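*Asks:* here's a sequence, model it:
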Amino acid sequence: MSDLVLLGTIMDGTGSTPFAGWVAVEADRIVRVGRLEEPAPQASRTIGGDNVVVAPGFVDVHNHSDLSPFLLPEMPSTVRMGVTTVVVGNCGSSPWPLAAWDEAVSLAYGSPGDLDEPTWSGWRDYLSAIDRAHPAVNIATLVGHGSVRREVLGAERRAPSATELNRMCGLVREAIADGAIGVSTGLIYVPGIFSETDEIVALASAAASAGGLYASHIRGEGRDLFAAIGEALEIGMRASAPVHVSHLKCESARVWGRASELLAVLREAPDATGDQYPYAAWNSALASLLPPWASVDEVAAIAASEGGRLRAAVEHGEPGFQSSIDGVGWERIVLVTAPRDEWRGRDVAAVANDLELDAFDAFVALLDIDPEISCIGHAMDDADVRTILGDPDVFVASDASATAPDGPGGTLPVHPRDYGTFPRALATARDDGLLPLEVMVRKMTALPAERFGLRDRGCLSPGAFADVTVFDPSTINDEATFADPHRFPAGFAAIVVNGTVAWEPGAQQITRAGRALRRSS
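*Replies:* Reported below is the predicted structural model:
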């Protein structure tokens with residue numbers, strides 16, 4: 001007798017033709033997949049029926065829930081949108097080395113003091129701690145270039161010496177030997193913004209030599225988009241590393257309408273992939289709008305002494321630095337966190353009006369009060385978002401952190417992608433005919449699992465881990481909006497993680513069955 005049988009239209013993750021059938025589960029593995037005309041085995045429990053799809057659990061390869069297992073282990077916003085595996089350590093930030101600990105806490109919607117700095121002695125300890133925390137979903141990890149750089153160079157704005165670079169490469173190799181699946185960069189953030197291409201090539205080479213890939217939030221996604229993509233591909237070529245470009249987008253009017261060209265560049269590269277969240281707005285730190293020579297800790301003094309230069313860089317860019325305001329405007333930059341509660345959810349131009357300042361001066365004043373302010377930038381065009389979403393080889397990924405209406409981040413006007421990324425992609429495929437539903441499922445499951453080396457995940461086949469999502473294709477929909485983001489999606493009938501029903505409608509709590517996934521596991 002099986003422990004669990006899931007009935008419905010089987011979309012196995014490969015993109016092949018769906019069929020009416022069943023999936024039988026014993027312990028944490030799928031043991032059989034059959035067609036409806038074949039009798040399903042007897043089971044302790046059966047879920048599903050004629051009107052639902054049975055698909056692999058979604059694999060979110062760009063996630064920032066690095067410390068959510070310790071802050072919010074139930075990870076409700078994640079598991080309730082069908083995600084059973086996340087890849088964390090993105091954008092150059094990871095909880096090891098510990099030099100970037102405070103940043104990692106913030107990314108998981110934590111506050112200083114929510115978690116004591118751990119006594120981990122390496123990546124192996126971090127992964128073991130995840131296992132002990134029993135999160136709701138599986139967690140695979142990248143090691144962040146920015147975290148490694150902070151450990152070795154602190155906040156210094158210079159190239160590493162040969163000795164320092166060797167140490168950085170050693171930390172990357174050690175992390176991957178202990179289970180990380182690659183190295184990531186965040187090249188618009190401190191300290192990644194201080195690095196040059198040769199430095200990143202060295203770390204990507206270290207990752208590749210140990211079997212890992214190179215994932216990047218590239219150096220520019222607006223005016224400098226194509227130069228930044230070119231740098232990522234050059235790094236992969238020189239390092240002999242697989243390249244993955246995070247959250248593909250055409251940011252600002254400078255590049256609106258060029259999504260097809262962007263996809264063509266990626267498609268023609270020898271070993272490159274990308275992911276996307278299906279929204280026309282990004283979510284980041286307000287300080288990411290500063291050029292590399294302007295420290296957020298000294299922003300008021302810099303504005304006082306070099307205000308003209310700083311204003312020009314922030315609002316228009318300069319050689320080697322892309323402005324996030326050029327082609328967007330301050331009225332499209334909306335505060336998520338703010339020094340005053342009434343400013344949350346309002347744009348910088350509106351706050352400037354309250355302060356009787358112009359927008360740039362208000363930006364400086366906000367960062368002077370709170371350097372950790374986060375914001376949402378409504379900087380993309382819907383037509384480009386649809387074009388990228390319609391590419392059958394671009395993964396769907398949230399760029400989110402786990403949250404809940406009553407958990408960390410629950411009082412903030414967070415990005416709706418935290419709750420809605422994957423159902424939004426499915427609903428768009430259904431309503432707009434961008435792709436057959438089984439192809440959209442492939443973009444969320446087998447394709448990313450294979451690329452990131454997640455063995456026996458992302459497909460419904462005998463021997464695979466029983467990570468499964470069951471949803472109604474006629475009602476699947478994201479409910480979260482920018483005005484009301486803390487809303488769970490509609491249409492899911494069950495989420496299964498490692499053979500355990502993690503969530504289903506009416507459940508009083510989430511059952512936590514996730515585990516740390518190591519590169520060799």
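
*Asks:* going by C-alpha atoms from here, please, whenever you check contacts or count neighbours.
*Replies:* Fine.

*Asks:* go through the protein and flag its longest helix.
*Replies:* Counting by DSSP state H, the longest helix found in the chain is helix 299-316.

*Asks:* I'd like the next helix or strand past that one.
*Replies:* Of the helices and strands lying after helix 299-316 in sequence (DSSP states H and E), the nearest is strand 333-335.

*Asks:* elements contacting that following strand?
*Replies:* Counting contacts by 3 or more CA pairs under 8 Å, 6 or more residues apart in numbering; DSSP states H and E, strand 333-335 is packed against helix 348-355, strand 374-377.

*Asks:* now do the buried residues in the strand ranked longest in the chain.
*Replies:* Of all the segments assigned as strand in the chain under DSSP state E, the longest by residue count is strand 46-56. Across strand 46-56, burial judged by 16 or more other CA atoms under 10 Å covers 46-49, 52-56.

*Asks:* that strand pairs with which strands, parallel or anti?
*Replies:* Take DSSP bridges as the rule and strand 46-56 pairs in its sheet with strand 4-10 (parallel), strand 468-471 (antiparallel).

*Asks:* quick one on the thing from earlier: pick the most deeply packed of the helices and strands packed on strand 333-335.
*Replies:* strand 374-377 (a mean of 24; mean count of other CA atoms under 10 Å).

*Asks:* quick check: can you name the pairing partners of that strand and their directions?
*Replies:* According to DSSP bridges, strand 374-377 forms sheet pairs with strand 282-285 (antiparallel), strand 333-335 (antiparallel).

*Asks:* possible to save these as CSV with mean neighbour count?
*Replies:* Putting the strands paired with strand 374-377 into CSV (neighbours: other CA atoms under 10 Å) gives the following:
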stretch, mean neighbour count
strand 282-285, 18
strand 333-335, 25
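
*Asks:* any chance of those strands in a markdown table, plus distance to Glu221 and mean pLDDT?
*Replies:* As requested, those are exported to a markdown table (distance: least, CA to CA, whole Å; pLDDT from 0 to 100):
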| stretch | distance to Glu221 | mean pLDDT |
| --- | --- | --- |
| strand 282-285 | 11 | 94 |
| strand 333-335 | 16 | 96 |
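
*Asks:* now render the ones you listed as a markdown table, adding distance to Val23.
*Replies:* Listed next are the strands paired with strand 374-377 as a markdown table, based on distance: least, CA to CA, whole Å:
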| stretch | distance to Val23 |
| --- | --- |
| strand 282-285 | 38 |
| strand 333-335 | 45 |
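
*Asks:* list just the nearest of the buried residues of strand 46-56 to Val88.
*Replies:* Nearest to Val88 among those: Pro56, at 19.6 Å, using CA to CA.

*Asks:* Ile495: which element?
*Replies:* Here Ile495 is assigned to strand 492-497, by DSSP H and E.

*Asks:* tell me the strands beside that strand, with direction?
*Replies:* In the sheet, strand 492-497 lines up with strand 468-471 (antiparallel), strand 500-503 (antiparallel) (DSSP bridges).

*Asks:* how far does that strand sit from the chain's center?
*Replies:* When distances are taken as CA atoms, centre = their mean, to the nearest Å, strand 492-497 is centred 21 Å away from the chain's centroid.

*Asks:* how about stretch 335-354?
*Replies:* On the basis of CA atoms, centre = their mean, stretch 335-354 sits 25 Å off its chain's mean C-alpha point.

*Asks:* which outside residues touch it?
*Replies:* By CA atoms under 8 Å, 6 or more residues apart in numbering, the residues outside stretch 335-354 that reach it are 330-334, 358-359, 361-363, 366, 369-370, 373-376, 412-414.

*Asks:* try it again with 6 Å
*Replies:* Applying CA atoms under 6 Å, 6 or more residues apart in numbering, the contact partners of stretch 335-354 are 330-331, 333-334, 358-359, 362, 373-375, 413.

*Asks:* repeat for stretch 277-294
*Replies:* Taking CA under 6 Å, 6+ apart as the rule, stretch 277-294 contacts 189, 314, 373-382, 396-398.

*Asks:* filter these to the buried ones?
*Replies:* Buried among the contacts of stretch 277-294 by 16+ other CA under 10 Å: 189, 314, 373-381, 396-398.

*Asks:* show me the shaky parts of the stretch 401-521 of the chain.
*Replies:* The stretch 401-521 of the chain contains residues with pLDDT under 70 at 520-521.

*Asks:* need the helices for it, in chain order.
*Replies:* Taking DSSP state H, counting those that start in this stretch, the helices of the stretch 401-521 of the chain run over residues 417-432, 437-444, 446-451.

*Asks:* possible to save these as JSON lines with mean neighbour count and distance to Ser324?
*Replies:* Below are these laid out as JSON lines (neighbours: other CA atoms under 10 Å; distance: least, CA to CA, whole Å):
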{"stretch": "helix 417-432", "mean neighbour count": "23", "distance to Ser324": "20"}
{"stretch": "helix 437-444", "mean neighbour count": "26", "distance to Ser324": "29"}
{"stretch": "helix 446-451", "mean neighbour count": "21", "distance to Ser324": "29"}
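
*Asks:* would TSV of those with distance to Gly110 be doable?
*Replies:* Output for the helices of the stretch 401-521 of the chain, formatted as TSV (distance: least, CA to CA, whole Å):
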stretch	distance to Gly110
helix 417-432	15
helix 437-444	28
helix 446-451	28
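
*Asks:* worst-scoring helix or strand of the chain, pLDDT-wise?
*Replies:* The helix or strand of the chain with the lowest confidence, counting by mean pLDDT, DSSP states H and E, is helix 101-107 at a mean of 89.

*Asks:* how far does the helix or strand just after it sit from the chain's center?
*Replies:* Downstream of helix 101-107, the next assigned helix or strand under DSSP H and E is helix 123-133. Centroid separation for helix 123-133 versus its chain: 20 Å, with CA atoms, centre = their mean.

*Asks:* partner strands of the following helix or strand past helix 123-133 and their direction?
*Replies:* From helix 123-133 onward toward the C-terminus, using DSSP H and E, the following helix or strand is strand 138-141. Using DSSP bridges, the strands paired with strand 138-141 in its sheet are strand 83-88 (parallel), strand 516-517 (parallel).

*Asks:* nearest to Ile229, of these?
*Replies:* When the strands paired with strand 138-141 are ranked by proximity to Ile229 (CA to CA), strand 83-88 comes first, at 21.4 Å.

*Asks:* and that closest one, how far out from the chain middle?
*Replies:* 9 Å.

*Asks:* check which residues of that strand are buried.
*Replies:* 83-88.

*Asks:* how many neighbours does Glu504 have?
*Replies:* Around Glu504 there are 18 other residues, counting by other CA atoms under 10 Å.

*Asks:* and stretch 130-142, which residues are buried?
*Replies:* Buried-residue list, stretch 130-142, by 16+ other CA under 10 Å: 130-131, 133-142.

*Asks:* stretch 262-275 now?
*Replies:* Going by neighbour count (16+ other CA under 10 Å), the buried part of stretch 262-275 is 262-263, 266, 272-275.
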